[in-house]
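K.L.:
Let's see this in three dimensions:
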Amino acid sequence: MIALARFQISGYLRSLRVLHPLIVIALVVALILLQGPSGPEAGDLAVGTLGDVAAFMFPIWAWTARALLDTQPDEQRALTATAARRPSTPTWAGLLAAYAVNLCLGLLALAVPLFQAILAESPGKAILTGLALSALVAASGTLLGAWTSRAVLTDPGVSLLALLGGAAALILLGLGRLSWLSIPMIEWLRTAHDGSEAFVSGFPALALHLLLWTAAAGIAYAALPRLRH
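P.N.:
The predicted model follows:
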């Protein structure tokens, strides 16, 4: 599985598709995140920025996962599936590759906010909570991107619309009674901006919600190829 994941990451990097999210992240960092928080509440504001970055990166992580999983041609994917010892190995390898790339992109996006949080003397627990939140949201974004990849939706136009519509639907669901079906973006943004202590104390519930959503989406996605074949 590790070898397959490395192979897919290598193909994604050689295709230069990685430049697309890198350019977007660089623009956001230069235009928005470089303007660090100031004032007596700079520490709490810096922690709030960590939650903002996770929300901003969610659609980018989904977009990146979709692009990475679509880099491999259909013929090559079929050969890989045939050569693998287990039918599920290529599926999990693709998810692992996409998640690894997303984690790297997340570290790039968080570099400046983390430095600002340290300079503002934000609590260490709150900073670690922000990092953990991004790692969990990256997994959710990876699954959303996988569900809109060519393995599920063969038409590129439909796939792109599904990606945009899916991200928007998850945000809208989080505003109503069906918020348990969505990722808790509204909750983590509110908690992150309520202060460091509220962010740390509210994180376990947020983490459980994200883990359950990601696990359900991942299990369903892993089962889909076997059903189709």
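
K.L.:
quick one, strands of the chain?
P.N.:
Counting by DSSP state E, the chain has no strands to list.

K.L.:
Low-confidence stretches in it?
P.N.:
For the chain, the stretches flagged by pLDDT under 70 are 74-88, 225-229.

K.L.:
could you point out the longest helix in it?
P.N.:
helix 196-228 (DSSP state H).

K.L.:
same for that helix, what does it pack against?
P.N.:
In terms of contacts (3 or more CB pairs under 8 Å, 6 or more residues apart in numbering; DSSP states H and E), helix 196-228 is packed against helix 42-71, helix 89-119, helix 124-147, helix 185-192. Every residue, glycine included, has its C-beta placed from N, CA and C.

K.L.:
give me phi/psi at the spatially most distant residue from the centre of the chain?
P.N.:
Within the chain, the residue lying farthest from the chain centre (CA atoms, centre = their mean) is Pro40, at 31.9 Å. Pro40 adopts backbone torsions of phi -70, psi -20, taken as degrees, to the nearest 10.

K.L.:
Quick check: it vs Ile219, distance?
P.N.:
47 Å (CB to CB, to the nearest Å).

K.L.:
ok so, going back, list just the one of the helices and strands packed on helix 196-228 that sits closest to Arg177.
P.N.:
The minimum distance between Arg177 and the helices and strands packed on helix 196-228 falls on helix 185-192, with 13.1 Å, by CB to CB.

K.L.:
quick one: contacts of that closest one?
P.N.:
47-48, 50-52, 54-55, 58, 130, 133, 137, 170-171, 174-175, 179, 198-199, 202-203, 205-206, 209 (CB atoms under 8 Å, 6 or more residues apart in numbering).

K.L.:
Just the buried ones among those, please.
P.N.:
47-48, 50-52, 54-55, 58, 130, 133, 137, 170-171, 174, 179, 198-199, 202-203, 206, 209 (16 or more other CB atoms under 10 Å).

K.L.:
which residue packs closest to the spatially most central residue of the chain, ignoring adjacent ones?
P.N.:
With distances taken as CA atoms, centre = their mean, Ala138 lies nearest the centre of the chain, 2.4 Å away. Among residues not flanking Ala138 along the chain, Asn102 sits closest, at 4.4 Å (CB to CB, 6 or more residues apart in numbering).

K.L.:
One more: Ser159?
P.N.:
Nearest to Ser159 is Leu153, by CB to CB, 6+ apart, at 4.2 Å.

K.L.:
Distance-wise, check the one you found relative to Gln72.
P.N.:
16 Å.

K.L.:
Ok, Leu206 next?
P.N.:
As judged by CB to CB, Leu206 and Gln72 stand 33 Å apart.

K.L.:
do the same with Thr49
P.N.:
From Thr49 to Gln72 the distance is 36 Å (CB to CB).

K.L.:
Which one of those two is surrounded by more residues?
P.N.:
Higher neighbour count among Thr49 and Gln72: Thr49, with 26 against 23, using other CB atoms under 10 Å.
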